[in-house]
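Student: pasting a predicted model and its sequence here:
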Amino acid sequence: MLGPTNTGKTHLAIERLCAHSSGAIGFPLRLLAREVYDRVCAIKGPERVALITGEERIEPRHARWLLCTAEAMPVEADLAFVALDEAQLAADRERGHVFTDRLLHARGREETIILGSSTLEPLVRSLLPQAEVVSRPRFSTLTHAGARKLSRIPPRSAIVAFSAEQVYAVAEMLRRFRGGAAVVMGALSPETRNKQVALYQSGEVDYLVATDAIGMGLNLDIGHVAFAALSKFDGQRQRRLTPSEMAQIAGRAGRHQRDGTFGTLAGTGGHDAEFTPEEIYAIEEHRFPPLTKLFWREADPDCTSLRSLIADLERGPDRPELAPAPLAIDLAVLKRLAEEPDTTGAVRGAAMVRRLWEACCLPDFRQAGVDTHSRFVARLWQDLRHGQLGTDYVARSIAELDNPSGDIDTLQMRIAAIRSWAYISQRPDWVLAREEMAARARAAEARLSDALHARLTERFVNRRTAVLMKKLGGDAALLPVTLREDEVLVDGEMIGHLAAFRFAVDPQARLADRKLLLAAAERHLPALLAQRAAALAAALADGTTSLQLDGAAVRWDGEAIARLQPGRARLDLKLVGDRSLDALPPEWRQQVLAAADRWLAETLAPLEPLRTLVAASADPAAGPELRALLIRLGEGGGVLARTESGLDTLSAEQRARLRQLGVRIGGLDLFLPAMLKPAPLAAWRALQAARGVDLAVPVPNMPVVVPLPGKTRLPPGYRALGNQAIRIDMAERLLLEAHEARNRAKRRAWPLDPARAVSMGLTEASFARLLWLAGFRPQQPRHPLPAGAYGPPAPVLWRWLAAATRRKGDGPAAAAPPAPTGAFAALAKLVR
């Protein structure tokens with residue numbers, strides 16, 4: 001059966017195979033044999049179907065239907081049906097003689113089908129005059145679409161190049177601009193090729209970049225084929241593709257009855273990178289010059305000696321339709337080894353010669369060339385001529401290659417090498433423990449193929465960009481956008497993070513992707529943001545969440561959603577929405593700000609005692625002295641140093657009014673106790689921040705004593721005592737107790753136990769500084785107390801200087817006292 005590509009020939013062959021009681025089909029590629037094997041297994045059952053290739057053999061005992069590569073076809077088997085696929089490969093320089101032999105000799109007992117291009121028809125009629133030739137037209141049409149830039153190549157296209165470097169370059173550009181591409185090359189393992197094809201077929205990417213390996217054995221959903229070049233290196237020279245080779249590749253476009261197009265990739269070459277009118281006509285009309293010769297080589301050579309073997313392999317055919325096969329690598333390796341007496345000098349007898357020839361037929365999966373490949377075969381022959389390869393040697397060789405780390409090229413080389421060992425392990429008499437070694441080789445190839453697929457996908461596929469490029473068109477409103485914690489996912493691909501109402505592109509995204517991701521966010525986030533706004537408003541209403549004050553910024557989820565600005569009254573604030581809220585629908589923006597206003601009112605509620613002071617400061621009946629004090633106290637957040645208060649100018653009635661307002665008059669400070677708590681201090685700090693005053697952050701839980709190292713800012717509500725600070729109300733409590741001790745002593749100088757201060761966390765130095773600031777001075781007693789009064793030795797005494805009797809430098813503003821010494825330091829006893 002002859003005809004162009006896309007005629008369903010393979011499908012018909014499978015139907016005919018399954019219609020017979022037994023049969024075999026020979027394919028040009030292992031991956032195609034595997035694909036058809038799976039299909040036949042689904043029809044006949046795996047226990048009755050065999051897969052036979054050079055690297056893999058699945059042969060159930062009662063198998064009756066065989067799927068093979070052409071080289072592995074059992075030519076002499078008694079089968080009801082035999083088919084050979086892609087028979088035009090008989091004209092291939094490297095493998096053509098194999099296909100020619102199968103065309104001439106592989107026969108089914110009841111039916112034989114030869115599948116191939118119509119260019120083979122004259123030679124089939126000449127070589128097989130009894131054959132019935134059935135031509136089938138292509139179901140769809142191919143149309144030339146001219147040259148297009150890569151950015152203009154439509155989705156569901158394949159770009160064909162003829163070198164790994166060019167394939168990688170095109171795939172990288174597609175990754176940047178179209179989200180990526182699947183990669184198919186002849187150097188890939190069948191497993192990797194299948195996975196890359198599945199990546200394309202599933203629609204995860206819309207582009208396929210391939211070598212001419214795409215032209216055979218891959219049934220793909222391709223609408224357009226673009227040639228990045230029209231010439232290739234065929235192993236001997238750089239040459240232009242023939243029209244039939246062009247058609248074989250271009251024929252991948254279109255499927256069944258869907259038409260396809262082909263063209264070139266603009267900007268990749270000169271005038272020779274364009275199709276000629278003759279080539280376009282030939283491809284569109286499927287008219288190609290017929291083949292004139294098929295390559296032939298003796299399939300069953302004389303193995304009585306090396307000389308006779310080589311002579312028989314080099315002998316020409318006896319039919320004019322056939323031509324001697326070019327020097328293939330298996331014959332080149334045999335001739336190279338025949339020149340090495342140390343390797344082949346002891347080869348005697350037909351059995352030994354045949355075994356050497358079988359070793360030379362090992363395919364060069366690594367594409368290493370005659371020299372390297374012959375050395376590898378020579379190493380194998382050292383063991384094969386004496387029997388079989390040792391299990392340890394084979395297992396060690398496989399284990400050395402079973403390493404999934406490395407880059408794309410490294411993994412390709414390992415897969416090629418492991419395929420050699422898979423082939424070796426499948427030979428029936430080459431390896432001890434053959435089945436175990438074959439299983440190890442297959443497992444290693446599978447792991448390496450998985451790793452190579454992952455590397456190709458990682459390098460050439462940007463799933464995020466691919467998803468967005470497919471979805472940012474007319475159906476963008478249907479794009480599923482979800483939020484996973486703070487990650488924004490588009491069709492399952494993370495495009496960025498959402499903190500509060502601010503979208504940030506994934507920091508790992510390439511610069512070229514940022515505009516695309518922002519466009520996707522702008523188009524699809526409003527609905528998601530509206531959901532977030534509703535959730536925030538509800539959570540603020542029921543108290544399950546809260547906002548955070550950070551200076552003048554109001555934050556949620558770590559991001560500012562509003563800023564504080566001074567209101568009309570002295571203790572009032574108003575909220576101004578952050579620009580990130582502009583992404584919200586207007587109604588939801590208003591709801592968020594209204595909920596934030598309610599939260600702000602609750603946050604500023606602890607300032608109510610301070611508001612009472614401010615209101616009293618406006619009362620004319622309070623008198624100017626008290627009003628001035630109240631204004632300064634209000635400006636200080638409910639705390640005012642006594643020395644700055646003007647307290648001495650107040651009358652008794654004004655002092656009473658001051659106490660009625662809740663102000664406590666201390667020895668060092670006037671303060672509102674209600675303001676010395678975390679909530680009112682945080683509200684006060686926010687109030688000041690809105691007016692441009694940066695206060696230190698309040699200390700959580702307001703401990704009595706906090707450290708104050710170095711240049712640490714003094715927290716609000718505390719008084720500094722050197723490298724410590726004490727809460728103002730607790731400082732006044734210590735001073736009150738000191739005064740009570742003085743009253744009880746009724747002496748000019750008296751001792752004081754510092755245990756209370758130490759229990760609060762103050763050091764004796766800090767306590768001494770506090771006493772000094774309050775007007776107490778140390779004094780050595782004229783008559784020391786008994787040694788046991790406060791523990792040996794006796795403490796230092798302190799005396800009180802009333803404000804009226806303090807000399808200059810004695811007041812609270814005086815320099816800090818010297819560090820305690822003597823008994824005071826040793827016993828941590830403070831006396832005043």
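Tutor: Done, it's in. Residues are numbered from 1 along each chain as shown.

Student: how many neighbouring residues does the residue nearest to residue 228 when sequence neighbours are not counted have?
Tutor: Distances taken as CB to CB, 6 or more residues apart in numbering place residue 161 nearest to residue 228, at 4.1 Å, with adjacent residues excluded. (C-beta placed from N, C-alpha, C; glycine too.) Residue 161 has 24 neighbouring residues, counting by other CB atoms under 10 Å.

Student: let me see the contact set for residue 161.
Tutor: Counting by CB atoms under 8 Å, 6 or more residues apart in numbering, residue 161 makes contact with 167, 170, 209, 210, 211, 228, 229.

Student: so which of those are in helices?
Tutor: Members of the contacts of residue 161 lying in helices (criterion: DSSP state H): 167, 170.

Student: from the contacts of residue 161, which is closest to residue 420?
Tutor: Nearest to residue 420 among the contacts of residue 161 is residue 211, at 21.1 Å by CB to CB.

Student: if I look at that closest one, how far off is residue 161?
Tutor: 6 Å (CB to CB, to the nearest Å).

Student: what is in contact with those two at once?
Tutor: Residues touching both residue 211 and residue 161 (CB under 8 Å, 6+ apart) are residue 167.

Student: which stretches in the stretch 301-450 of the chain count as strands?
Tutor: 322-324 (DSSP state E, counting those that start in this stretch).

Student: and residue 457, what element?
Tutor: Counting by DSSP states H and E, the element that carries residue 457 is helix 434-460.

Student: quick check: residue 75 is in a helix.
Tutor: No: according to DSSP: H, G, I helix; E, B strand; the rest coil, residue 75 belongs to no helix; its state is coil.

Student: ranges for the strands of the stretch 651-800 of the chain?
Tutor: Using DSSP E, counting those that start in this stretch, strands in the stretch 651-800 of the chain cover 664-665, 669-671, 705-707, 718-721, 724-727, 749-750, 776-779, 797-800.

Student: CA atoms only: put stretch 733-742 into PDB for me.
Tutor: Extracted in PDB, the C-alpha atoms of stretch 733-742 (Å, rounded to 0.1, in the frame of the first residue of the first chain):
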ATOM      1  CA  ARG A 733       5.900  54.400  94.100                       C
ATOM      2  CA  LEU A 734       9.500  53.800  95.100                       C
ATOM      3  CA  LEU A 735       9.900  57.500  95.900                       C
ATOM      4  CA  LEU A 736       6.700  57.500  97.900                       C
ATOM      5  CA  GLU A 737       8.100  54.600 100.000                       C
ATOM      6  CA  ALA A 738      11.300  56.500 100.400                       C
ATOM      7  CA  HIS A 739       9.500  59.500 101.800                       C
ATOM      8  CA  GLU A 740       7.500  57.300 104.100                       C
ATOM      9  CA  ALA A 741      10.700  55.800 105.400                       C
ATOM     10  CA  ARG A 742      12.100  59.300 106.000                       C
END
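
Student: how about that stretch, which residues are buried there?
Tutor: By 16 or more other CB atoms under 10 Å, the buried positions in stretch 733-742 come out as 733, 734, 735, 738, 741, 742.

Student: and residue 456, how far from residue 326?
Tutor: Taken as CB to CB, the span from residue 456 to residue 326 is 33 Å.

Student: picking up where we left off before, so how far is residue 436 from the residue nearest to residue 228?
Tutor: 40 Å.

Student: now for this structure, the helix or strand with the poorest mean pLDDT.
Tutor: The weakest-scoring helix or strand in the chain, judged by mean pLDDT, DSSP states H and E, is helix 822-826 (a mean of 37).

Student: including distance to residue 632, could the strands of the stretch 651-800 of the chain go into TSV?
Tutor: Output for the strands of the stretch 651-800 of the chain, formatted as TSV (distance: least, CB to CB, whole Å):
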stretch	distance to residue 632
strand 664-665	14
strand 669-671	9
strand 705-707	25
strand 718-721	17
strand 724-727	21
strand 749-750	35
strand 776-779	26
strand 797-800	27
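
Student: residue 181 is nearest to which of these?
Tutor: strand 705-707 (61.6 Å).

Student: run the chain-centre distance for that closest one.
Tutor: Taking CA atoms, centre = their mean, to the nearest Å, one finds the center of strand 705-707 at 47 Å from the center of the full chain.

Student: list the buried residues in that strand.
Tutor: 705, 706.

Student: hmm, back to that, for the helix holding residue 457, packing partners?
Tutor: Helices and strands touching helix 434-460, by 3 or more CB pairs under 8 Å, 6 or more residues apart in numbering; DSSP states H and E, are helix 164-178, strand 182-184, helix 190-201, helix 391-401, helix 408-426.

Student: count the residues that sit near the residue nearest to residue 306 when sequence neighbours are not counted.
Tutor: The shortest distance from residue 306 to any non-neighbouring residue, by CB to CB, 6+ apart, is to residue 338 (5.1 Å). Close neighbours of residue 338, defined as other CB under 10 Å, add up to 18.

Student: for the stretch 151-300 of the chain, give me the ranges with low pLDDT.
Tutor: 217-218, 255-257, 269-272 (pLDDT under 70).
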